[in-house]
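[1] Any chance you can model this:
(chains A and B)
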Amino acid sequence: MSAQGGTGAANGKLKVAKYWASSCGGCDISLLEIGPHLLELIEAADVVFWPCVADFKYEDVAGYPDGYIDVCLFNGGVRSSEQEEIARLLRKKSKTLVAYGACAIDGGIPALANLTTPSEIYDVVYHRNPSLDNPDGVEPAPVFETACGDLHLPHLYPQVLRLRDVVEVDYQIPGCPPQAHQVWKVLQAVVAGQVPARNDAVTVGCDDKVVCDECPREKRQVRIGGFKRPHLAIPEPDWCLLEQGFVCMGPATRSGCGALCVKANLGCRGCYTGSNGVEDRGTAMIGAIGSIIDATTEERAQEIVGQIVDPTGTFYRFNLASSTLKGRR
Amino acid sequence: MADEQVVRTEVSGAAVAGWEPRIIAFLCYWCSYTGADNAGTARLKYPANVDIIRLMCSGRIDPELIMAAYAGGADGVMVCGCHIGDCHYLAGNHKTMARMPLVRSVLADLGIEPERFVHEWVSAAEGEKFAQLVRQTTEGVRRVGPLNWARRMHERGVGHGMDLQPWGDGR
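    Numbering: from 1, shown residues only, chains lettered A, B, ... in the order given. Predicted coordinates for the structure are as follows:
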C-alpha cells in the first residue's frame, strides 16, 4: 500500500490526527485493535496529533496551516469549553473531519448526563459522594487568581452536545467502540486517497440495515408476556432475546458490529447509531416493543411494560444528545 | 434544529403575557376524529387551543411524532384512539396502549409535566367527552405555562455550541 492523497507535506505522507473529547478513551484503544495493520497505516501516514499516545501540544496544532491534517478522527461529545475550542481548531486544520464512535455521533453514555443539570452533577460529585473528603465544600472555579496572574480552567456546558452540533462533520464511524474490521475498512479507503471531504456526516464503517438483520437467532413470532433482566435469568441461546423478554435494542440499531452482544447471549445495547431514516431511536424502540406486547387489556399492557427498568436510560443509552428532545428540560 | 423552529418559538415565548397554550391532538380516523366531529356538529364549545392531526389509527402514532410536537413548539400533546375492542384494524390500539406508558415515563424523565401529555380513548359518539378533554387539557397546560423547548435547547448550545473562537486565535 503506497502513500497517496493530496498532501502538501514534504515527505508526501498523509497527515492524520486523533482527539478525545467527552469520552472514555476506549475509542483511542479501538484504533490499536487493528493490530498489524497499524504498521501499514504508519507507513502511509504521519500522526500529527494524538493526545492519547503522543506528546503534541495544542500550540503545535494551532501552528499548522489550515487544512494541513488530511484526516482527523474525533472521538467524544462536546461538554466543555475546551472541547468546543479544540473541535473548531481541528475543523479548521483538517481537510476531513470524522466523528469517531458513539459519543461524537450521538453523545454516547456521557449524554445520559443530559437527564440532570450541571448544578446537580456538581452537588453529587463535590458534596454528596459517599467517598468524598471535601470538608470546605470546594468546587472548581473557572478562574483562579495567583500572584503571577489569573489561571483559567475550561467550564462545563449546560449539556452534552454532539460533534456535529458544533462543527461540520464529513463522516461518522459508529460504535462503542467501533469494531476493528470496520475501522480498518475505512482506514484502507483513507490510505488509498478515496475519502473526499463531504460536510454531511455520512455514516461509514457499518452496514445499512439493523442488528436483527445479522442476528443469528430464530424468531418464533411470539409476543412478549413479561420482561426479564439479564442478571436474573439465562436466555435460551438460539431464540430472539426480545421474544424471550430481554430488552434488546437490535430493532433500532444499525448493523455492522456483527451482532456481537446477541451472540454473547446479551441484548444489543444499541451503540451502532440508528439506521437510515430513524430520527429518534428511543421512540423507535418504544414503537417496536409496543407492537409485540402480549396483552388485550390496558392494565395488563401497563403491567408488562412496567417491568422494563429505566426505559429512558435503556432506550436512549447511547443517543440522548441525538434524540428529538436532547435532554431534560 | 431548524432555525425557523427557534424563531417561531421565540415569537410565542415573547408574548407570554398574552400567551395561549398550543396543543397538538393526534386523533384516529375511525373513532376519535369522528368524536371531535361529533362535538362540532353538536355545537359543543371547547377552547380553540387544540390543533388536530388526523391519522388512520392510534397505532400509527409513532412516539417520535409526540416528541417532534414538543420540539416544534407544542405546549401539550393529546393522543386519542378507539376504545380497546373497538379498533377498526382490530388491534391497532393495543399497540398504542403498550407504547403510551413508556412515552409517559420518558417524558417524566425529560422534565415534561404530566399535564402536558394526555392519552384517552374517545369513541365516535363521545363528542362531549372530547370537548371536556380539550377543556381539561387546555387548563392543565395553562397552569404549567409555556414549554418553549426549541428556544431552551438553543440557549444551551444545541446545534451551534457556544460559538467560541478556536484555540490560538488571539483569545
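[2] hang on, isn't A:V48 packed against A:K13?
    No - counting by CB atoms under 8 Å, A:V48 does not reach A:K13; the two are 10.0 Å apart. (Glycine included, C-beta is placed from N, CA and C.)
[3] Which one's more surrounded, the two?
    A:V48 (21 against 17; other CB atoms under 10 Å in any protein chain shown).
[4] For the residue nearest to B:I61 when sequence neighbours are not counted, grab phi and psi.
    In this structure, B:I61 finds its nearest non-sequential neighbour in B:F26, 4.8 Å apart by CB to CB, 6 or more residues apart in numbering or on different chains. Torsion angles at B:F26 (phi, psi; degrees, to the nearest 10) stand at phi -90, psi 120.
[5] One more: A:T96?
    The phi/psi pair for A:T96 (degrees, to the nearest 10) is phi -130, psi 120.
[6] could you list every residue that touches it?
    Contacts here follow CB atoms under 8 Å, 6 or more residues apart in numbering or on different chains; on that basis A:T96 touches A:70-72, A:170-171, A:195-198.
[7] would you turn the residues you listed into JSON lines with neighbour count and secondary structure?
    Below are the contacts of A:T96 laid out as JSON lines (neighbours: other CB atoms under 10 Å in any protein chain shown; DSSP: H, G, I helix; E, B strand; the rest coil):
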{"residue": "A:D70", "neighbour count": "25", "secondary structure": "strand"}
{"residue": "A:V71", "neighbour count": "24", "secondary structure": "strand"}
{"residue": "A:C72", "neighbour count": "25", "secondary structure": "strand"}
{"residue": "A:D170", "neighbour count": "23", "secondary structure": "coil"}
{"residue": "A:Y171", "neighbour count": "25", "secondary structure": "strand"}
{"residue": "A:V195", "neighbour count": "21", "secondary structure": "coil"}
{"residue": "A:P196", "neighbour count": "9", "secondary structure": "coil"}
{"residue": "A:A197", "neighbour count": "14", "secondary structure": "coil"}
{"residue": "A:R198", "neighbour count": "14", "secondary structure": "coil"}
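[8] Does at least one residue of stretch A:39-56 sit close to chain B?
    No - Stretch A:39-56 lies out of reach of chain B by CB under 8 Å from any CB of the partner chain, never closer than 12.3 Å.
[9] got it, and stretch A:67-80?
    Yes - counting by CB under 8 Å from any CB, chain B is contacted by stretch A:67-80 at A:V78.
[10] Now do the same for the closest residue to chain B within the stretch 1-150 of chain A: its pLDDT.
    Going by CB to the nearest CB, chain B is nearest to A:A62 of the stretch 1-150 of chain A, at 3.0 Å. Note for A:A62: predicted pLDDT of 94.
[11] Surely it touches A:L89?
    Yes - contact criterion CB under 8 Å: A:A62 and A:L89 qualify, at 6.4 Å.
[12] ok, those two, which is more surrounded?
    A:L89 (22 against 15).
[13] is it true that the more buried one lies in a helix?
    Yes - assessed by DSSP: H, G, I helix; E, B strand; the rest coil, A:L89 belongs to a helix.
[14] Show me what A:L73 is bridged to.
    A:K18, A:V98 (DSSP bridges).
[15] Next, work out how far apart A:G277 and chain B are.
    11 Å (CB to the nearest CB, to the nearest Å).
[16] three-state assignment of that residue?
    Going by three-state DSSP: A:G277 is coil.
[17] which sections of chain A are below the confidence cut-off?
    For chain A, the stretches with pLDDT under 70 are A:1-10.
[18] which ones are touching the residue nearest in space to the middle of it?
    Geometric centre of chain A, nearest residue: A:A102, 1.3 Å, by CA atoms, centre = their mean. Residues in contact with A:A102 (CB under 8 Å, 6+ apart) are A:108-109, A:174-176, A:271-273, A:318-319.
[19] for A:T314, same thing?
    Counting by CB under 8 Å, 6+ apart, A:T314 touches A:247, A:249, A:308.
[20] quick one: which of those residues is nearest A:F56?
    A:M249 (37.0 Å; CB to CB).
[21] Look up how far B:G145 lies from the residue lying closest to the closest one once chain neighbours are set aside.
    Nearest non-adjacent residue to A:M249, counting by CB to CB, 6+ apart: A:G270, 3.2 Å away. In this structure, A:G270 and B:G145 are 34 Å apart, going by CB to CB, to the nearest Å.
[22] Surely A:S23 and A:P110 touch.
    Yes - between A:S23 and A:P110 there is a contact under CB under 8 Å: 7.1 Å.
[23] neighbour-wise, which of these two wins?
    With neighbours defined as other CB under 10 Å, A:S23 and A:P110 compare such that A:S23 has more, 25 against 20.
[24] That one and A:N75, how far apart?
    Going from A:S23 to A:N75 by CB to CB gives 5 Å.
[25] related to what we said a few turns ago, helix or strand for the residue of the stretch 1-150 of chain A closest to chain B, just tell me which one.
    helix A:58-63 (DSSP states H and E).
[26] and A:V309, what does it touch?
    Taking CB under 8 Å, 6+ apart, one finds A:R229 in contact with A:V309.
[27] State the phi and psi torsions of it.
    According to degrees, to the nearest 10, A:V309 has phi -80, psi 130.
[28] Verify the contact between A:N265 and A:P235 for me.
    Yes - using CB under 8 Å, A:N265 is in contact with A:P235, at 5.6 Å.
[29] Compare those two (neighbour count), which wins?
    Neighbours were counted for A:N265 and for A:P235 using other CB under 10 Å; A:P235 has more, 20 against 14.
[30] C-alpha coordinates for stretch A:58-67, CSV please?
    Provided in CSV are the C-alpha atoms of stretch A:58-67 (Å, rounded to 0.1, in the frame of the first residue of the first chain):
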residue,chain,number,x,y,z
TYR,A,58,-2.4,22.5,21.2
GLU,A,59,0.2,25.1,20.2
ASP,A,60,1.5,22.6,17.6
VAL,A,61,-1.9,22.2,16.1
ALA,A,62,-2.6,25.9,16.1
GLY,A,63,0.7,26.4,14.3
TYR,A,64,-0.3,24.1,11.4
PRO,A,65,-1.5,25.7,8.2
ASP,A,66,-5.3,25.4,7.6
GLY,A,67,-6.2,22.1,6.0
